[in-house]
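**Student:** Have a look at this fold, sequence not included:
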């Protein structure tokens, strides 16, 4: 197994599995931030720069834009699933993690709206599958008799809140997401990323 | 003033102002329907066919796609304004007309979401101006102390409901729009176009 060696702050090109995993995590976080700030058409080089890796490392992990977007989406959805799997999970807490990702990730918002006319069928199918994972994670903790448990109300409310999340800054987007949940009369736990 | 003459169901090419206005109204209605059914990338020839006019008449009124979209949007917004100007107007009634246009017009939905990262600045500015006209029309009849009168709640709720309006059929879109208003606890009058 190749040993990881720091070289002037840059990861070496032949980094081992641990460094590769670390690079990948840094790239996903950087992609999430860059897409949120500059939209999904932001230059990929900005992602490498933000993550502190070279172009070669970037392209090894994300050969094209769609791979980068897919990786961000997978992280968004996976964290919400992990929040739901947590032993102390509550519906409010999972909603708080969902809301963090709504405010952080332009790709995630796009995903939750890919369901409409205009999106390509392949993207729509993928978006649908990821949306279902989000809904399933939330539904696990939906209290019995909650007003969102009826019919399609859960999916509907997530789509409605994600539509409200616009604005140039993270703070503004979070503020609008919380205002939207409040309009729906839904309590939300602390807005935070899920992590150990 | 040129006289309008029917020629085998087709309008003559040199139709007078009355026929031109009638053609235009038919083209706008056809464009609204075609865009709703096939998305904003639908072939313009389908609009001419639906309106029962020739390609020449189509291009005289809509030289390109963006003119057609703009005309549909202007009709959407104008009808909501007219509903608000009606002497018997109530907030519920204006919401009913808004909801009809949400269910009918893919362009209108797109407009209400053009506010997010990704839309070109020119489109965003135009979308913003039209959204403000919709909000102003609604605000005229907002009852004192209504929960939507606080802060940005009115614009927020319109954005949230319009996000809920997806689905392949008009009925499904209307059903989802009404479910969204219900989730927000807002009463909506009859869902209908505004007309004499």
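**Tutor:** Right, received. Where do you want to start? Treat the numbers as computed from the prediction; the structure is a model and nothing was measured. Residues are numbered from 1 along each chain as shown, chains lettered A, B, ... in the order given.

**Student:** how about the residues of chain A near chain B?
**Tutor:** Counting by C-beta under 8 Å from any C-beta of the partner chain, the residues of chain A lying close to chain B are A:38-41, A:106, A:109-110, A:113, A:115-118, A:147, A:151-153, A:156-157, A:159-164, A:166, A:176, A:179-180, A:183-185. Bear in mind the C-beta positions are built from the backbone N, C-alpha and C, glycine included.

**Student:** Please flag which of the residues you listed sit within helices.
**Tutor:** In helices, judged by DSSP state H, the following of the residues of chain A next to chain B are found: A:38, A:106, A:109-110, A:153, A:156-157, A:159-164, A:176, A:179-180, A:183.

**Student:** Let's see the PyMOL selection covering just the buried ones among the residues you listed.
**Tutor:** Buried members of those can be picked out in PyMOL with the line below, counting by 16 or more other C-beta atoms under 10 Å in any protein chain shown:
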select buried, chain A and resi 106+109+110+153+156+157+159+160+161+162+163+164+176+179+180+183
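
**Student:** which residues sit in contact with the nearest residue to residue A:146 once chain neighbours are set aside?
**Tutor:** Nearest in space to residue A:146, with sequence neighbours left out and distances taken as C-beta to C-beta, 6 or more residues apart in numbering or on different chains, is residue A:91 at 7.3 Å. With contacts taken as C-beta atoms under 8 Å, 6 or more residues apart in numbering or on different chains, residue A:91 has the following neighbours: A:138, A:141-143, A:146.

**Student:** Kindly report the same for residue A:187.
**Tutor:** For residue A:187, the residues meeting the contact criterion (C-beta under 8 Å, 6+ apart) are A:92, A:95, A:181.

**Student:** which element is the nearest residue to the first one once chain neighbours are set aside on?
**Tutor:** Setting aside the residues directly before and after it, residue A:92 is nearest to residue A:189 in space (C-beta to C-beta, 6+ apart), at 3.7 Å. With the criterion set as DSSP states H and E, no secondary-structure element contains residue A:189; it sits in neither a helix nor a strand.

**Student:** Can you tell me how far residue A:189 is from residue B:157?
**Tutor:** Between residue A:189 and residue B:157 the distance, using C-beta to C-beta, to the nearest Å, works out to 23 Å.

**Student:** now residue A:54
**Tutor:** Looking at residue A:54 against residue B:157, where the rule is C-beta to C-beta, the gap reads 47 Å.

**Student:** With adjacent residues omitted, what lies nearest to the residue of chain A found nearest chain B?
**Tutor:** Closest approach of chain A to chain B (C-beta to the nearest C-beta) occurs at residue A:163, with a separation of 2.9 Å. Beyond its immediate neighbours in the sequence, the residue positioned closest to residue A:163 (C-beta to C-beta, 6+ apart) is residue B:163, lying 2.9 Å away.

**Student:** Hmm, the one you found is touching residue A:157, no?
**Tutor:** No - using C-beta atoms under 8 Å as the test, residue B:163 is too far from residue A:157 to be in contact (10.4 Å).

**Student:** what sits against the residue nearest the centre of chain A?
**Tutor:** Most central in chain A under C-alpha atoms, centre = their mean is residue A:76, positioned 2.5 Å from the mean C-alpha point. Contacts for residue A:76 were tallied using C-beta under 8 Å, 6+ apart; they are A:32, A:101, A:105, A:107-108, A:111.
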